[in-house]
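Peer 1: give me a 3D structure for the following:
(2 chains, ligands or ions: 2)
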Protein chains: 2
Amino acid sequence: MTQPIRAARGTTPTARGWPQEAARRMLMNNLDPEVAERPEDLVVYGGTGKAARDWPSYHALLNTLTDLRDDETMLVQSGRPVAVMRTHEWAPRVLLANSNLVGDWATWPEFRRLEQLGLTMYGQMTAGSWIYIGTQGILQGTYETFAAVAAKRFGGSLAGTLTLTAGCGGMGGAQPLAVTMNSGACLIVDVDRSRLERRVRERYLDEVADSLDDAVQRATAARNERRARSIGVVGNAATLFPELLRRGIPVDVVTDQTSAHDPLSYLPEGVELADARDYAAAKPAEFTDRARASMARHVEAMVGFLDAGAEVFDYGNSIRGEAQLGGYARAFDFPGFVPAYIRPLFCAGKGPFRWAALSGDPADIAATDRAILELFPENEQLARWIRMAGERVAFQGLPARICWLGYGERDRAGVRFNEMVAAGELSAPVVIGRDHLDCGSVASPYRETEAMADGSDAIADWPLLNALVNTASGASWVSLHHGGGVGIGRSIHAGQVCVADGSALAGQKIERVLTNDPAMGVVRHVDAGYDDARQVAERTGLHIPMAKS
Amino acid sequence: MTQPIRAARGTTPTARGWPQEAARRMLMNNLDPEVAERPEDLVVYGGTGKAARDWPSYHALLNTLTDLRDDETMLVQSGRPVAVMRTHEWAPRVLLANSNLVGDWATWPEFRRLEQLGLTMYGQMTAGSWIYIGTQGILQGTYETFAAVAAKRFGGSLAGTLTLTAGCGGMGGAQPLAVTMNSGACLIVDVDRSRLERRVRERYLDEVADSLDDAVQRATAARNERRARSIGVVGNAATLFPELLRRGIPVDVVTDQTSAHDPLSYLPEGVELADARDYAAAKPAEFTDRARASMARHVEAMVGFLDAGAEVFDYGNSIRGEAQLGGYARAFDFPGFVPAYIRPLFCAGKGPFRWAALSGDPADIAATDRAILELFPENEQLARWIRMAGERVAFQGLPARICWLGYGERDRAGVRFNEMVAAGELSAPVVIGRDHLDCGSVASPYRETEAMADGSDAIADWPLLNALVNTASGASWVSLHHGGGVGIGRSIHAGQVCVADGSALAGQKIERVLTNDPAMGVVRHVDAGYDDARQVAERTGLHIPMAKS
Ligand SMILES: NC(=O)c1ccc[n+]([C@@H]2O[C@H](COP(=O)([O-])OP(=O)(O)OC[C@H]3O[C@@H](n4cnc5c(N)ncnc54)[C@H](O)[C@@H]3O)[C@@H](O)[C@H]2O)c1
Ligand SMILES: NC(=O)c1ccc[n+]([C@@H]2O[C@H](COP(=O)([O-])OP(=O)(O)OC[C@H]3O[C@@H](n4cnc5c(N)ncnc54)[C@H](O)[C@@H]3O)[C@@H](O)[C@H]2O)c1
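Peer 2: Numbers count the residues shown, from 1 in each chain, chains lettered A, B, ... in the order given. Ligands and ions are numbered 1, 2, ... in the order given. Okay, the predicted model is just below:
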């Protein structure tokens, strides 16, 4: 890479069609320095989540997309284009499978061995599937989660509460803003000062304290004065969490988003940040053992806060599993955030709907924001988010928006956007996608499918059916990944992206995909016995052959 | 089940279209008592491989297929229909995901727990994907394999050699006929006399000996007199293999097809056949330990034959892996059959192409046999198989044929069959499918992808891309399975079936699917560095963006 990558803007595609052009722009956008964590290593987010296997693959992807015809499909195997095949105009233009391994070999050492041989890459969820849009993506989910915490424990607002968390990286950096958007105070720990400072610049974090004492003083004051304020502090969570517990400071909510899913990315106590990369590369087994031992202490403190009455949850980074491997027996005493707060949304087919303006013009997003407010006038929480996002969210890369929509809503939004493109209300097409973390697209027993009502947490048929049905419904690109936020061996998940280019065909495809994709979430939860989901299915006439009523 | 299941025959569909009707007939055909091992339990083959989760699911599948429209798709999750969604006419009518589990939970105990909860089923390869056609399916593969053994070691014929094997079940029962078709003598051990007698009735096995002494005498005589003859003997392979090694009888080839992939199906020494089921159900862990200990002795004897100079190979049932778990260190001293004999075929996109006549009329298969001979007049080995199969293979259920065809051949055969339907040369449509054991459809480090040249054995992106591209190319049904012949945790594989109903649309779909599906095999082996595959790709102009030449 000689100069920073920036996706083309504007209304003229260089590829043969907008779906191909959209894939080009979104691949490049994932590696825009405004979006990506380490674009020079092709890393988009999550420590190691990449958009392409290597630079030759990156260039081959772009070139292949440029030439790809409207009845051809490019196949991508872990970030590398491996074939172009003749399909048809309803078929996706790109099919991607990233990081997948056969079960008995689905381990970090085997994955790393294959990665070092140049045979695979870590796709995370939206890194390898070209629909990461920066921190906003997680901000909405984090906002929803803290809103649910507030509703459950604190009468609908976090005002007067203090949330303690750690990990202010690509995803975790959304936490302080999500807490203050819910009117709370937040203390966030990170070993890397530059991560905290970055979030201050981006207005996701209000300030960085000078010392732990200073941080405690400021955070406690904000809590007591019922001020929405976020404070960062530099330190290792495995050291600071136990220390804060020992001091008995008043903490109401505790969670964590350090990169615990990958023990080579979590900094063990006693290791300098500057030495971590070399040390992890040189002695991965030893580093892993030390990281897990630190996570055990980190989680032990979280359980201490739980015992003291705080609301404590795992925020989807597998820290409980790693702490257990590190020898701490009570790691699973607190729940994951999905069963605790998100599952009721999943039962209605709700999930992280998102879109990006290929024009590059923020006015296009402003127009879609207005369209959303018009389409769903009765949804107050949605309106609040859209308005706050318009004010507080700085775009990274191509202008984009996210909001959680459900079954019966997403297709309406998508069809409307396509009409707006056709009518010239938007200056260029938009891409419409979502996170792999969605209602019917993932099997992940430590996160999205933790504690399913029927015990079906580990069944992975669902994300596969999701990918197949999106492929059969007209998505522009479809992805199937292993690993993601919770790590190798722990999840299988699927994604889809549709391109609204204003054509009638795009409209038909969007209607089907954005109906069927969230429908998978309703179906999966009906099958698992959730009554909420059954009611949604009945009300909407979803065709479930063996549904009992 | 009150009366035996038999698929409808004839030229009038009860479903709304032939693809739907074909799925109905093939599902029922998989459970025809002529085809299935235990139709009363919905088990098709491989000990536990099922066609539907349970009887309510079976009926719901049939009913849903009957009503399914030409722009709808039924989703099947481990043998149970979970949804019908609106797609389009190029989309598959059925999408199936069977037995899939997230990596860390991909173990037999977790699978069994979920199976007992009624949440999953074992799909094997073609049981849960409705394209099993009885023992002929494996017969052709076994014939090819023994032909390759003969070519490699014995100058092109097994005349004058003795092959020792075990397991005369649904798949393994093909071995004696495959050996005698290659002019050799065969001694086959099975604990279950009824299995041997069934194969005698079906003319796959010539005779059953009265005792081990009798068997040895007859087998040795056949070898010495260079007679093609197969002899069955009742006994436990873990006892008889070491005994035969001790006696020093002349054995030239050794393999095995007991149901070793599932330690609860392999009979341990000292357990009566009649007690096995109850014992395995009551004490699965103890049974597993004893089965593995027996497999260790069984494999130790196979290595003894290897040391004595015989050609020894694992025939895809994971017996080496289980013997290793049973404590035998040298289990992997002999290779799997794929790297030893099959991989060169895979590099050319060759694999188990098969089709069945929905009319039920054997004359339709005879007509397609003639078409194959006409299409590929230069292929002598293929012609020999087609002629022998016509003479020696008794149809089970709907008349069907299998032969291995490669990239550039399958599409020609498929398009020709569709033309024959259109022209009335066949009395009704045919279904065209294949085994999941194919060149580009499976990741299975103990079998199809064992010892890949680049070390990519465990990478599972390929079967997922295969399923996605077949879905995007117009297959009538597409399946994604975990487990199969080698067991839970050890493989991921995909299948596709096309329906040649004589329509122009079917012709277009068939051309694409039967081009792209075997192309995946060529691409996968080009990517792994096989020169044979690279040459095929170059010769045929396959579009591989990053191919080096
Ligand atoms: N909740 C969700 O929806 C969701 C979604 C995707 C991913 N995740 C998971 O959340 C985690 C964070 O993701 P990310 O993209 O922000 O990762 P990241 O690598 O960008 O950031 C991790 C941060 O943790 C810090 N850190 C590492 N070890 C630490 C320690 N011992 N003490 C304090 N700080 C430490 C790092 O300095 C870094 O800033 C990952 O495990 C990811 O898989 C969660
Ligand atoms: N090579 C291939 O292409 C391929 C393909 C699919 C499956 N397989 C594997 O081959 C194996 C056989 O499949 P199948 O469908 O014939 O299974 P099956 O269950 O129908 O038959 C297994 C036979 O082994 C016998 N057996 C069990 N334990 C024995 C023992 N200790 N000694 C002697 N005989 C014993 C049983 O009586 C039975 O007849 C399975 O493991 C299957 O997964 C191979």
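
Peer 1: show me what contacts A:P352?
Peer 2: Counting by Cβ atoms under 8 Å, 6 or more residues apart in numbering or on different chains, A:P352 touches A:137, A:140-141, A:402, A:404, A:434-435, A:437-438. Heads up, the C-betas are built off the backbone N, CA and C, glycines and all.

Peer 1: would you list those residues in JSON lines and tack on secondary structure and pLDDT?
Peer 2: What follows is the contacts of A:P352, written out as JSON lines (DSSP: H, G, I helix; E, B strand; the rest coil; pLDDT from 0 to 100):
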{"residue": "A:G137", "secondary structure": "helix", "pLDDT": "80"}
{"residue": "A:Q140", "secondary structure": "helix", "pLDDT": "89"}
{"residue": "A:G141", "secondary structure": "helix", "pLDDT": "88"}
{"residue": "A:I402", "secondary structure": "strand", "pLDDT": "96"}
{"residue": "A:W404", "secondary structure": "strand", "pLDDT": "92"}
{"residue": "A:R434", "secondary structure": "strand", "pLDDT": "97"}
{"residue": "A:D435", "secondary structure": "coil", "pLDDT": "96"}
{"residue": "A:L437", "secondary structure": "coil", "pLDDT": "94"}
{"residue": "A:D438", "secondary structure": "coil", "pLDDT": "96"}
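
Peer 1: so which of those residues also contact chain B?
Peer 2: Among those, no residue lies close to chain B (Cβ under 8 Å from any Cβ of the partner chain).

Peer 1: including neighbour count and distance to A:Y328, could these go into a markdown table?
Peer 2: Below are these laid out as a markdown table (neighbours: other Cβ atoms under 10 Å in any protein chain shown; distance: Cβ to Cβ, whole Å):
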| residue | neighbour count | distance to A:Y328 |
| --- | --- | --- |
| A:G137 | 26 | 31 |
| A:Q140 | 23 | 32 |
| A:G141 | 23 | 27 |
| A:I402 | 26 | 35 |
| A:W404 | 25 | 33 |
| A:R434 | 28 | 34 |
| A:D435 | 26 | 30 |
| A:L437 | 26 | 26 |
| A:D438 | 27 | 31 |
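
Peer 1: can you redo these as a markdown table with distance to A:R277?
Peer 2: Converted to a markdown table, the contacts of A:P352 look like this (distance: Cβ to Cβ, whole Å):
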| residue | distance to A:R277 |
| --- | --- |
| A:G137 | 26 |
| A:Q140 | 31 |
| A:G141 | 29 |
| A:I402 | 31 |
| A:W404 | 36 |
| A:R434 | 32 |
| A:D435 | 28 |
| A:L437 | 28 |
| A:D438 | 33 |
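
Peer 1: could you pull up the residues touching A:L382?
Peer 2: By Cβ under 8 Å, 6+ apart, the contact list for A:L382 reads A:372, A:376, A:403-405.

Peer 1: which one of the residues you listed is nearest A:G321?
Peer 2: The nearest member of the contacts of A:L382 to A:G321, counting by Cβ to Cβ, is A:W404 at 26.5 Å.

Peer 1: would you list the contacts of A:L382 in JSON lines and tack on secondary structure?
Peer 2: Below are the contacts of A:L382 laid out as JSON lines (DSSP: H, G, I helix; E, B strand; the rest coil):
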{"residue": "A:I372", "secondary structure": "helix"}
{"residue": "A:F376", "secondary structure": "coil"}
{"residue": "A:C403", "secondary structure": "strand"}
{"residue": "A:W404", "secondary structure": "strand"}
{"residue": "A:L405", "secondary structure": "strand"}
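
Peer 1: quick check: which element contains A:A22?
Peer 2: Element membership for A:A22, per DSSP states H and E: helix A:18-30.

Peer 1: and that helix, what does it pack onto?
Peer 2: Other elements packing on helix A:18-30 under the criterion 3 or more Cβ pairs under 8 Å, 6 or more residues apart in numbering or on different chains; DSSP states H and E are helix A:55-67, strand A:492-500.

Peer 1: in the stretch 301-450 of chain A, where is pLDDT below threshold?
Peer 2: Within the stretch 301-450 of chain A, not a single segment meets pLDDT under 70.

Peer 1: check contacts around the closest residue to ligand 1 within chain A.
Peer 2: Nearest residue of chain A to ligand 1 (Cβ to the nearest ligand atom) works out as A:G169 at 1.9 Å. When contacts are counted by Cβ under 8 Å, 6+ apart, A:G169 touches A:37, A:45, A:47, A:190, A:195, A:257-259.

Peer 1: nearest to A:R69 among those?
Peer 2: Nearest to A:R69, judged by Cβ to Cβ, of the contacts of A:G169 is A:Y45 at 32.0 Å.

Peer 1: so the helix holding A:A22, near ligand 1 or not?
Peer 2: No. With Cβ under 6 Å from any ligand atom as the criterion, ligand 1 is not reached by helix A:18-30; the gap is at least 13.5 Å.

Peer 1: what sits up against that helix?
Peer 2: Contacts to helix A:18-30, defined as Cβ under 8 Å, 6+ apart, come from residues A:5-8, A:13-15, A:35-36, A:44, A:51-52, A:58, A:61-62, A:65-66, A:68, A:93-94, A:126-127, A:130-133, A:356, A:358, A:397-398, A:429, A:431, A:476-477, A:497, A:499, A:501, A:506.

Peer 1: restricted to buried residues, select the residues you listed in ChimeraX.
Peer 2: In ChimeraX, a selection of the buried entries from those looks like this (16 or more other Cβ atoms under 10 Å in any protein chain shown):
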select /A:5,6,7,8,13,15,35,36,44,51,52,58,61,62,65,68,93,94,126,127,130,131,132,133,356,358,397,398,429,431,476,477,497,499,501,506
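
Peer 1: in strands only, show me the contacts of helix A:18-30.
Peer 2: Judged by DSSP state E, the subset of the contacts of helix A:18-30 located in strands is A:44, A:94, A:356, A:431, A:477, A:497, A:499.

Peer 1: next, give me the two most distant ones among the residues you listed.
Peer 2: A:V44 and A:V499 (20.1 Å).

Peer 1: what's around A:R53, how many residues?
Peer 2: Using other Cβ atoms under 10 Å in any protein chain shown, A:R53 has 26 neighbouring residues.

Peer 1: equivalent analysis for A:E40, please.
Peer 2: 11.

Peer 1: can you tell me the SS state at it?
Peer 2: What three-state DSSP gives for A:E40 is helix.

Peer 1: A:A413 too?
Peer 2: A:A413 is classified as helix under three-state DSSP.

Peer 1: hmm, it is touching A:A371, no?
Peer 2: Yes. Here A:A413 reaches A:A371: they are 7.4 Å apart, a contact under Cβ atoms under 8 Å.
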